[in-house]
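J.: sequence isn't available, so here's the structure alone:
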């Protein structure tokens with residue numbers, strides 16, 4: 001059984017796995033005369049014997065024992081996105097392992113193999129893309145299951161990019177028309193054998209990556225598509241995409257506007273020093289940035305940890321260096337209104353303006369970030385929720401309030417936090433006040449000594465498997 005399975009798998013790999021090494025050139029092509037009565041039979045071009053690795057160092061999940069033989073490669077670059085890519089690779093391995101174990105409950109001889117390779121590109125010394133591609137085959141499968149995944153990273157901000165920040169959703173038809181044209185060039189006759197090619201939707205652009213010459217598109221795996229088609233790689237040249245491609249410094253304002261109508265938190269900056277199995281809390285600071293913010297940053301830097309700063313929009317420009325320092329440390333910078341007016345007392349237009357103006361001034365320094373904010377006073381109304389939902393923002397309040405804004409006494413603030421700190425708590429404080437900063441000289445090291453990881457709000461929600469929903473209010477990470 002092992003010998004037969006291995007032989008079949010090698011045949012599949014000739015077309016599938018090593019096609020991952022094609023880079024951003026089309027992996028398949030055929031001449032105009034290569035069309036059979038049943039459709040196209042693409043001719044495979046010679047393949048290079050190496051992958052393109054411009055971003056990250058290859059890491060590996062390997063199993064040479066069986067019953068699942070595994071070779072899953074993925075890049076690690078030492079930045080905030082490593083965890084997401086590594087987690088995806090582990091999920092692919094675990095899913096295949098679980099499937100083999102399920103098969104062995106009825107067939108003790110069941111076995112399988114998963115092989116995933118990657119290419120990575122670094123464009124303009126800023127944008128990194130990772131193309132993962134492979135196959136999984138198991139006992140009883142008629143054909144391999146093809147696996148594809150694309151990751152796009154802004155290495156300047158450390159954020160994972162959403163597809164909507166690469167291709168303009170409003171000009172999707174242009175990208176799809178170009179994609180169809182390029183598929184037919186590489187695979188003549190595909191319109192007769194590939195379902196949906198004459199009625200393409202956004203699912204065709206699920207797996208896209210930023211390449212040197214254009215946007216690289218990997219067609220999503222589909223069991224109904226003909227053999228060989230799954231290995232197709234198509235590049236949409238930037239000059240032919242035109243304004244449908246809008247990523248870059250000059251498009252920052254335009255690209256950011258997409259976030260106002262998309263799901264909350266399209267970006268989740270993650271660092272690889274978080275252990276999801278250990279306790280964590282999110283320290284949050286309102287009403288800054290102020291003259292005391294850097295003191296808190298010093299403490300976080302010394303003891304290890306991050307925080308979320310809910311800033312007042314009209315204070316940001318004066319302290320841009322502080323905001324940039326906090327962001328570079330991995331802290332999260334989110335809005336707390338433009339001027340701390342009670343949003344529940346304002347008109348819809350005033351609410352919208354306050355939220356978006358604050359977001360814009362923050363992102364002029366940090367780039368696009370999670371669609372989260374905290375309303376002043378923690379005051380929430382149905383109208384505020386509706387406006388937030390329309391703008392694509394979720395609201396964050398807290399589960400621990402030491403009332404530092406009232407006592408302004410470090411000796412009272414410290415026990416008010418330490419006596420109530422619990423795993424997955426969101427702790428409210430204000431970096432506007434000197435006594436709060438003084439209290440943090442005891443709170444931060446004590447939280448660390450008790451085993452708490454200090455994470456951002458987005459990280460806290462992420463590790464709790466909470467996908468923030470626009471218009472909803474969140475109080476803690478469980």
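T.: Okay, I see it. Everything quoted here is computed from the prediction, not taken from an experiment. Residues are numbered from 1 along each chain as shown.

J.: what's the spacing between the strand or helix carrying residue 389 and its chain's center?
T.: Element membership for residue 389 (DSSP states H and E) is helix 382-391. In terms of Cα atoms, centre = their mean, to the nearest Å, the centre of helix 382-391 is found 25 Å from the chain centre.

J.: give me the contacts around that helix.
T.: Residues external to helix 382-391 that are found in contact with it (Cβ atoms under 8 Å, 6 or more residues apart in numbering): 260-261, 343-344, 348, 351-352, 355-356, 371, 373, 375, 394-395, 470-473. Placement of C-beta: from N, CA and C, glycine included.

J.: break the chain into its domains for me.
T.: Following automatic domain parsing, one finds the domains of the chain at 2-244, 262-474.

J.: tell me which of these sits most buried.
T.: Comparing these by mean neighbour count (mean count of other Cβ atoms under 10 Å), domain 262-474 comes out on top with a mean of 19.

J.: average pLDDT for that domain?
T.: Averaged across domain 262-474, pLDDT comes to 92.

J.: which SSE is immediately downstream of the helix holding residue 389?
T.: Beyond helix 382-391 toward the C-terminal end (DSSP H and E), the next one is strand 394-396.

J.: quick one: whichever helix or strand comes after that next one to chain centroid distance?
T.: Counting by DSSP H and E, the element after strand 394-396 in chain order, helix or strand, is helix 404-407. With Cα atoms, centre = their mean as the basis, helix 404-407 stands 37 Å off its chain's centre.

J.: can you check stretch 400-419 too?
T.: 35 Å.

J.: and the end-to-end length of that stretch?
T.: 10 Å (Cα to Cα, to the nearest Å).

J.: ok, residues contacting it?
T.: Under Cβ under 8 Å, 6+ apart, the answer for stretch 400-419 is 420-422, 425-430, 433, 435-436, 438-439, 442-443, 446-447.

J.: which residues does residue 344 contact?
T.: 375, 379, 380, 381, 383, 384.

J.: grab the nearest non-local neighbour of the first one.
T.: Excluding its sequence neighbours, the residue lying closest to residue 375 (Cβ to Cβ, 6 or more residues apart in numbering) is residue 343, at 5.0 Å.

J.: reformat the contacts of residue 344 as TSV; add distance to residue 128.
T.: What follows is those, written out as TSV (distance: Cβ to Cβ, whole Å):
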residue	distance to residue 128
375	36
379	41
380	39
381	42
383	41
384	38
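
J.: isn't residue 478 up against residue 426?
T.: No. Using Cβ atoms under 8 Å, residue 478 makes no contact with residue 426, being 10.4 Å away.

J.: so for those two, which residues contact both of them?
T.: Joint contacts of residue 478 and residue 426 (Cβ under 8 Å, 6+ apart) do not exist.

J.: residue 119: which element?
T.: Per DSSP H and E: strand 112-123 holds residue 119.

J.: by contact count, what packs against that strand?
T.: helix 2-15, strand 68-76, helix 82-104, strand 127-138, strand 208-210 (3 or more Cβ pairs under 8 Å, 6 or more residues apart in numbering; DSSP states H and E).
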